[in-house]
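> Next come a sequence and a model predicted from it.
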Amino acid sequence: MTRFTALALPATLTAAALLTGCNNSALKGTELEGTVVDLAETATIAELTAMYDAGDFENAFLVGRQIAWDRYRDDRYEASYIAGLSAEAMGNLRDADTYLNRALGTPDPTLAADAADALGLVYSQQGRYAEAQRSLLWAAERLEGERQAKAYYYAGIAQQKLGQWSQARTTLVLARARTQDPAFRDQIGQQIGVTGWTLQLGAYTQRELARSQAESIAQKSRDMRLGLPRLVDGTTAAGESVTFVHVGQFTSYRSATRFRDALDTPGVIIRALRP
C-alpha cells in the first residue's frame, strides 16, 4: 500500500544493519533508549521504504518512528507516514493513528493526501466512521485516478455505516465515475444497492439446519424486538447454494453492532441488505 517507489535495496535490511552512532535524545526515557534503534544512526527514507516493501514492518516502524520525532529531520513526515503504514500492517491501529496523524502535518500536499487516505481506512477499522468519511473525502479531493475512486468508495461505505444513505449514494456515484476498472465499477454498483444492515446467524447447505437455527433463536429475537429470523436463499463466494439465517434490519451499522452484541450468540456477523 506504500506510495513510495520501491528501490533496489537488500530485502534483508534491518534496524541492526544500520550504521551505529550516538544515542538519539528523542528516545531518552522511552523503552527504546539504549536499544539498537536508539544506538542506530537514523535510516534514509529509501531504506525505510525498502524495509516496508520487503514486509519488514516491525523494523520499518521502529526506525520510522525514531525519525518521526526528530524535529531536526526534514524527512520526519515521510518517516511518520511509513511508520503509520507499518503499524497498520501489523494490526497496531493505535500507533497507525498516531503516526499517520503526524504525517498530516507535512507541507507536502501529496504526502498529506496519502496520509489522509491511509488514516481514513484506519478510522474505518476502528469503527470511527464519521472521522473515516471526513478523512477519505478530504483525500479523494486531492488524489487522482483509481486511488481517488477507492477513496470515494470507502468514504461512501463509511457514510452508509453512519446511516447517511443520501450522501453515501452521491459519494459512491463519484467513485464509479472515476474508476476505469470494470470489475471495480461493478463492485461499486453493488455497494450503491445496499439499503441497510442485518444480522446473519449462519449459512447452511441444508435448509432444515437453517430452519432449526431460526427456530432456536426465534423467542430471543422476538423478545429483543428484532422480529422473527428469516431464511434467505443465496450462494457463497465459491458458488455453492446455501440458506442464510438473517434477523433484524438496521439503518445504521452502530445499531446493528449494538444488537449483535446484545444477542450474545456465537458466529453472528453483520451483513449488508440489498433489494
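Looks like it arrived, so ask away. Numbering: from 1, shown residues only.

> Pick out the residue closest to the middle of this structure.
What sits nearest the mean C-alpha location of the chain, by CA atoms, centre = their mean, is L121, with 3.6 Å.

> And the helices in this structure?
Counting by DSSP state H, the chain forms helices over residues 36-39, 45-53, 57-68, 76-89, 93-103, 109-125, 129-140, 145-161, 165-178, 182-192, 207-223, 253-263, given from the N-terminal end onward.

> got a markdown table for those helices, with distance to R274 and mean pLDDT too?
Glycine gets a C-beta too; all of them are placed from N, C-alpha and C. As requested, the helices of the chain are arranged in a markdown table below (distance: least, CB to CB, whole Å; pLDDT from 0 to 100):
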| stretch | distance to R274 | mean pLDDT |
| --- | --- | --- |
| helix 36-39 | 49 | 52 |
| helix 45-53 | 37 | 94 |
| helix 57-68 | 36 | 94 |
| helix 76-89 | 30 | 97 |
| helix 93-103 | 29 | 98 |
| helix 109-125 | 20 | 98 |
| helix 129-140 | 20 | 98 |
| helix 145-161 | 12 | 97 |
| helix 165-178 | 13 | 97 |
| helix 182-192 | 7 | 97 |
| helix 207-223 | 19 | 93 |
| helix 253-263 | 15 | 93 |
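
> could you dump those helices to CSV with distance to P229?
Supplementary listing: the helices of the chain in CSV, determined by distance: least, CB to CB, whole Å:
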stretch, distance to P229
helix 36-39, 53
helix 45-53, 46
helix 57-68, 42
helix 76-89, 37
helix 93-103, 33
helix 109-125, 29
helix 129-140, 27
helix 145-161, 23
helix 165-178, 25
helix 182-192, 24
helix 207-223, 4
helix 253-263, 11
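
> can you tell me which of the ones you listed comes nearest to T243?
With CB to CB as the measure, helix 207-223 is the member of the helices of the chain nearest T243 (3.9 Å).

> what comes up buried for that closest one?
Burial within helix 207-223, assessed by neighbour count using 16 or more other CB atoms under 10 Å, is assigned to 210, 213-214, 217, 221.

> Contacts for that helix, please.
In this structure, residues lying in contact with helix 207-223 by CB atoms under 8 Å, 6 or more residues apart in numbering are 201-202, 204, 227-231, 243-245, 247-248, 263, 265.

> Show me how far that helix is from its chain's centre.
33 Å (CA atoms, centre = their mean, to the nearest Å).

> do the same with stretch 116-123
On CA atoms, centre = their mean, the centre of stretch 116-123 falls 7 Å from that of its chain.

> about what we covered before: out of the buried residues of helix 207-223, flag the one nearest to P107.
Sorting the buried residues of helix 207-223 by distance to P107 puts S221 at the head of the list, at 54.4 Å, by CB to CB.

> Contacts only, for S124.
Counting by CB under 8 Å, 6+ apart, S124 makes contact with 132, 154, 157-158.

> hmm, try it at 10 Å
S124 makes contact with 131-133, 135-136, 154-155, 157-158, 161 under the criterion CB atoms under 10 Å, 6 or more residues apart in numbering.

> Equivalent analysis for D186, please.
Contacts for D186 were tallied using CB under 10 Å, 6+ apart; they are R176.
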